[in-house]
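J.: Have a look; sequence and predicted model below, questions after that.
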Amino acid sequence: MPILNVNKRVLGALLTFASLSMSGVSHAETLHFGEALTHQPPVAVSALLASPEAYLDKTVTIEGTVVEVCSMRGCWADIASDARFQKLRLKVQDGDMVFPMHAKGRKAIATGKLYAVHLSQAQTQRYLAALAKRNGEEFDPKTVTEGMAIYQVEPVAVDILD
């Protein structure tokens, strides 16, 4: 008889765990950070990156899939572009918003200002060398003759959808 009671408890715990797991998968909630989103139509990430000067220091809304999140403090999230191999970073001050790792793979809508981070020639060489290493590619720093700019959005509102 005690074996049957133990099995009932184990079975009950397993059923509870399974139902909680399934409900979490089917009813994932929208994660909201910052202010309420504006109802401004989104600008394609590819359009922002093709003509960043037209959008610099202006409030824009973008949307796309979260492809990477800062694993240290959750202070940035990379949003995939509508064009292959492009992405745009949402970057906040540490602690202003904390993007969770489980946001990866989910759609995000963000409103904020586009800004440029200007790199010197040496910084550009280090940045491109790190990218090449991460992608398993060769890189010759002598090919870099000037600095570059990296564009990011400083969001005031972000929704990560289920």
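T.: Nice, I can see it.
J.: Now for residue 84, how many residues are close by?
T.: 7 (other CB atoms under 10 Å). In this view, the C-beta of every residue, glycine as well, is placed from N, C-alpha and C.
J.: Find the helix or strand that it is a member of.
T.: Assigned by DSSP states H and E, residue 84 belongs to no helix or strand.
J.: ok, now how distant is it from residue 38?
T.: Residue 84 sits 28 Å away from residue 38, going by CB to CB, to the nearest Å.
J.: helix/strand/coil for the residue nearest the centre of the chain?
T.: Centroid check for the chain by CA atoms, centre = their mean gives residue 77 as the closest residue, at 2.6 Å. Of the three states, residue 77 takes strand according to DSSP: H, G, I helix; E, B strand; the rest coil.
J.: measure residue 71 to residue 100 for me?
T.: Distance of residue 71 to residue 100, given as CB to CB: 11 Å.
J.: what do you get for residue 160?
T.: According to CB to CB, residue 160 and residue 100 sit 8 Å apart.
J.: Quickly list what's touching both of these two.
T.: Shared contacts of residue 160 and residue 100, defined by CB atoms under 8 Å, 6 or more residues apart in numbering, comprise residue 31.
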